[in-house]
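Trainee: any chance you can model this:
(one chain, ligands or ions: 1)
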Amino acid sequence: MSGPDGADKAPDEFEQIARLYRPLTRGAPEALGLLDDAAVIPARPGFDLVVTKDAMVEGVHFPVGEAPDLVARKLLRTNLSDLAAKGADPFGYFLAVAWPPDADLAVREAFARGLDVDGAAFGVVLLGGDTVSTPGPLSASLTLLGWVPQGRAVLRSGARPGDLVMVSGPIGDGGLGLAAVEGRLADGDGYLKGRYRLPGPRLDLRDGLRRWASACADISDGLLADAGHIATASGVGIQLHLDRVPLSAAGEGWLADQRDVARGRAALASFGDDYELVITASPQAAKALGLPVIGVVEEGRGLRVDFDGAPLPIERAGWSHP
Ligand SMILES: [Mg+2]
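Mentor: A predicted model of the protein is given here:
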């Protein structure tokens with residue numbers, strides 16, 4: 001696309017930019033038609049620019065052979081989830097893709113189609129980027145920009161003792177979905193695979209977060225890990241009640257097959273890829289948010305976990321795949 005190495009590109013690469021990528025700008029003036037060295041984004045008085053970046057590698061972050069349009073959509077959605085956690089309004093993105101030797105035009109078209117579908121659905125435009133070739137696996141990274149009213153971004157560092165801890169939706173579906181995608185778990189109606197492949201970034205909560213939340217993180221590494229990130233950034237302790245963590249019907253079904261319910265719940269809270277939000281707020285603000293309360297913020301440091309009132313050693317809560 002744009003960039004200082006543009007002059008080195010083969011003619012068909014310019015053709016691909018015009019055909020595959022320029023439509024993704026949807027005429028945004030900041031993208032300069034992908035004809036310049038860079039994008040130019042006017043400052044917005046009264047707003048802060050929120051910037052996030054996620055990268056994905058085939059065979060590491062998504063299964064080998066995953067459909068390219070799904071890879072593109074998940075890449076965009078995981079970045080949108082980070083913006084959602086900050087209470088930001090999505091604006092536009094920069095893309096870098098390294099294509100392996102077997103990525104023919106059909107693969108590249110499908111990837112661009114995925115970005116087109118979700119770019120339109122979530123109201124974000126392509127602003128620039130670069131595509132290169134690699135002898136290795138497909139890897140792609142996306143830098144997403146969003147705007148938030150000045151000083152209103154919700155950080156991980158704002159949790160205070162006495163706050164309540166909430167979660168925006170069911171936990172554990174991402175990890176169960178990966179198991180389903182890899183054929184290790186039955187998934188009759190495809191719900192779990194869908195949760196893994198196309199997570200729904202919780203942008204719907206951004207107004208409430210800006211207004212009421214003291215801290216927030218999206219759940220990409222697992223509820224326990226990401227709640228722990230808030231505790232670390234805020235310099236507080238967090239106590240989570242595993243029995244209060246909401247599960248989907250599919251999650252409940254998986255749990256019913258586990259011999260040790262506490263350990264099963266700890267596993268669900270340790271899987272990644274949920275892309276729900278973990279949120280802290282004062283008890284009054286929590287009431288306004290109206291989300292399931294799963295714990296409290298306390299003095300001290302680090303994460304503590306209990307199940308039906310009994311403390312659960314945190315080392316038992318580590319990652320274990322279904
Ligand atoms: Mg995140």
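Trainee: secondary structure element for the residue in the stretch 51-200 of the chain that the ion sits nearest to?
Mentor: Nearest residue of the stretch 51-200 of the chain to the ion: D82, at 4.5 Å (CB to the ion). (C-beta placed from N, C-alpha, C; glycine too.) Taking DSSP states H and E as the criterion, D82 maps to helix 68-85.
Trainee: now the angle from the next helix or strand after that helix to helix 68-85?
Mentor: Tracing the chain past helix 68-85, the next element assigned as helix or strand by DSSP H and E is strand 89-99. Calculated by axes from the mean of the first three to the mean of the last three CA atoms, to 10 degrees, strand 89-99 forms an angle of 140 degrees with helix 68-85.
Trainee: show residues contacting stretch 282-295.
Mentor: Stretch 282-295 has contacts (CB atoms under 8 Å, 6 or more residues apart in numbering) with 160, 162-168, 205, 208-209, 211-214, 227, 238-241, 244-246, 279, 281.
Trainee: output it in CSV with nothing but the alpha carbons.
Mentor: Written as CSV, here are the backbone C-alpha positions of stretch 282-295 (Å, rounded to 0.1, in the frame of the first residue of the first chain):
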residue,chain,number,x,y,z
SER,A,282,-17.7,1.5,42.6
PRO,A,283,-20.7,-0.4,44.0
GLN,A,284,-23.0,2.5,42.9
ALA,A,285,-21.6,2.7,39.4
ALA,A,286,-21.7,-1.1,39.2
LYS,A,287,-25.5,-0.9,39.8
ALA,A,288,-25.8,1.5,36.9
LEU,A,289,-23.8,-0.8,34.6
GLY,A,290,-26.0,-3.8,35.6
LEU,A,291,-23.5,-6.5,34.6
PRO,A,292,-22.8,-9.7,36.6
VAL,A,293,-20.7,-9.1,39.6
ILE,A,294,-18.0,-11.7,40.1
GLY,A,295,-15.6,-10.3,42.7
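Trainee: which bits of the stretch 51-200 of the chain sit near the ion?
Mentor: D82 (CB under 5 Å from the ion).
Trainee: just the pLDDT at the closest residue to V50 other than its chain neighbours, thanks.
Mentor: Nearest residue to V50, sequence neighbours excluded (CB to CB, 6 or more residues apart in numbering): A88, at 4.1 Å. Per-residue pLDDT puts A88 at 98.
Trainee: so what's the residue count around A88?
Mentor: Residues lying near A88 (other CB atoms under 10 Å) number 29.
Trainee: now it: how far from S157?
Mentor: 16 Å (CB to CB, to the nearest Å).
Trainee: now do the helices in the stretch 51-200 of the chain.
Mentor: 68-85, 105-122, 173-181, 191-197 (DSSP state H, counting those that start in this stretch).
Trainee: TSV for those, including mean neighbour count?
Mentor: Formatted as TSV, the helices of the stretch 51-200 of the chain follow (neighbours: other CB atoms under 10 Å):
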stretch	mean neighbour count
helix 68-85	24
helix 105-122	17
helix 173-181	25
helix 191-197	22
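Trainee: tell me the centre residue of this protein?
Mentor: The centroid of the chain falls nearest to T78 when counting by CA atoms, centre = their mean (2.9 Å).
Trainee: OK, contacts around that residue?
Mentor: 54, 56, 199, 201, 220, 275.
Trainee: mind running it again at 10 Å?
Mentor: 52, 54-56, 61, 142, 144, 199, 201, 218, 220, 273, 275 (CB atoms under 10 Å, 6 or more residues apart in numbering).
Trainee: could you give the angle of the strand or helix carrying A225 to helix 68-85?
Mentor: Under the criterion of DSSP H and E, A225 resides in helix 223-234. Angle, helix 223-234 to helix 68-85, by the same axes, to 10 degrees: 40 degrees.
Trainee: which strands or helices does helix 223-234 pack on?
Mentor: With contacts taken as 3 or more CB pairs under 10 Å, 6 or more residues apart in numbering; DSSP states H and E, helix 223-234 sits against strand 164-167, strand 215-218, strand 237-241, helix 261-268, strand 277-281, strand 293-298, strand 302-307.
Trainee: what's the fifth one packed up against?
Mentor: Counting by 3+ CB pairs under 10 Å, 6+ apart, the packing neighbours recorded for strand 277-281 are helix 68-85, strand 164-167, helix 206-212, strand 215-218, helix 223-234, strand 237-241, helix 283-289, strand 293-298.
Trainee: can you redo the ones you listed as CSV with distance to L115 and mean pLDDT?
Mentor: Output for these, formatted as CSV (distance: least, CB to CB, whole Å; pLDDT from 0 to 100):
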stretch, distance to L115, mean pLDDT
helix 68-85, 5, 98
strand 164-167, 29, 98
helix 206-212, 22, 98
strand 215-218, 20, 98
helix 223-234, 26, 97
strand 237-241, 36, 98
helix 283-289, 32, 98
strand 293-298, 34, 98
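Trainee: of those, which is nearest Q16?
Mentor: helix 68-85 (14.1 Å; CB to CB).
Trainee: of the helices and strands packed on strand 277-281, which approaches D189 most closely?
Mentor: D189 sits nearest to helix 68-85 of all these, at 17.9 Å, using CB to CB.
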